[in-house]
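Enquirer: Sharing a model that was predicted from the sequence below.
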Amino acid sequence: MATNQKSIGFVGGGRVTRILLAGWQQARALPANIVVSDPNPETRAKLKAKIPAIITAADNTAAAAQDVVFVAVHPPLLADVVTGIRPAVRASAILVSLAPKFTIAKLTGLLGGFGRIARVIPNAPSLIGQGYNPVAFAAGLSDIDRVVVTGLLQPLGECPVVAEEKLEGYALLTGMGPTYFWFQLQALREVAAGCGLTEEEIKPALKRMICGGTRTLLEAGLSPAEVMDLIPVKPLGGDEPAILNLYRTKLPGLYEKIRPGA
């Protein structure tokens, strides 16, 4: 069965589900048969309004009974949700967890030995086909199964296959990474508008500055210190120690919370 013919279930209709569905829709790669379950009627109604082709349900059973089942709930709820859907998951299904912390081994235990599992760390730019969604596979998945999963992820952006023990690091880097910068980029956008630039002028300049700046750091062949010395005027230089302290304290602390076994 081709990837686009597989029935898809989403257990949970929150942000991650909205991102993936909208990304598929934007890429014109929306699977034909999608069931989304969520206990919140408002959540279901909003999803249905944006993507009328999906089926929504309050109970998780229908979503969990599809060919590929994405479990899109927060880690504190994951154990109870996975245990609850265990009777509905088909022996031939592929279950894709979108959460950190719960390993394939832990999920297999919660599912009574079911081992056809993949784990993905989703990335919000998937919304526009620019995602970076690393995936790890259980040994129980065949090459064909893996092609099914990557076939679903590819319209959303890049989906490198990685070692499972790396996923929580990716959660910190790519999964939550945009949140470290979006509010600052929006503030810069607003300041630029106050300086007389139009939105049509700001958009390409901001995009190129961020993309070019990142590539300069990674690809110029200079040390980080040399790159940071390329521009002599640093208007926020006095605030850098405080900002660096946040990265060096809060983010490692967060990693400790989401790593398996913590």
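Expert: Structure received.
Enquirer: Just the terminal-to-terminal distance for stretch 167-174.
Expert: Between the opening and closing residues of stretch 167-174 there is a gap of 10 Å (Cα to Cα, to the nearest Å).
Enquirer: Same question for stretch 158-176.
Expert: Taking Cα to Cα as the measure, stretch 158-176 stretches 16 Å from start to finish.
Enquirer: Equivalent analysis for stretch 127-134, please.
Expert: Between the opening and closing residues of stretch 127-134 lies a distance of 16 Å (Cα to Cα).
Enquirer: Kindly list the longest helix within the protein.
Expert: helix 199-219 (DSSP state H).
Enquirer: Which strands and helices lie in contact with the following helix or strand past it?
Expert: Next along the chain after helix 199-219, taking DSSP states H and E as the criterion, comes helix 224-228. Applying 3 or more Cβ pairs under 8 Å, 6 or more residues apart in numbering; DSSP states H and E, one finds that helix 224-228 makes contact with helix 199-219. Placement of C-beta: from N, CA and C, glycine included.
Enquirer: Please point out which parts of the helix it packs on sit buried.
Expert: Buried positions in helix 199-219, judged by neighbour count with 16 or more other Cβ atoms under 10 Å: 202, 206.
Enquirer: Give me the contacts around that helix.
Expert: For helix 199-219, the external contacting residues (Cβ atoms under 8 Å, 6 or more residues apart in numbering) are 185, 188, 189, 192, 193, 197, 222, 224, 227, 230.
Enquirer: name the element the first one belongs to?
Expert: When you say that, I think you mean residue 185. Assigned by DSSP H and E, residue 185 belongs to helix 177-194.
Enquirer: any weak-confidence spans in the stretch 151-262 of the chain?
Expert: Along the stretch 151-262 of the chain, the parts satisfying pLDDT under 70 run over 262.
Enquirer: Now the phi/psi pair for the residue nearest to residue 13 when sequence neighbours are not counted, please.
Expert: Counting by Cβ to Cβ, 6 or more residues apart in numbering, residue 13 lies nearest to residue 38, which is 3.4 Å off, once chain neighbours are set aside. Taking degrees, to the nearest 10, you get phi -160, psi 140 for the backbone angles of residue 38.
Enquirer: helix/strand/coil for the residue with the largest distance to the centre of the chain?
Expert: When distances are taken from the C-alpha mean of the chain, residue 232 lies farthest, 36.3 Å away, according to Cα atoms, centre = their mean. When the structure is reduced to helix, strand and coil (DSSP: H, G, I helix; E, B strand; the rest coil), residue 232 reads as coil.
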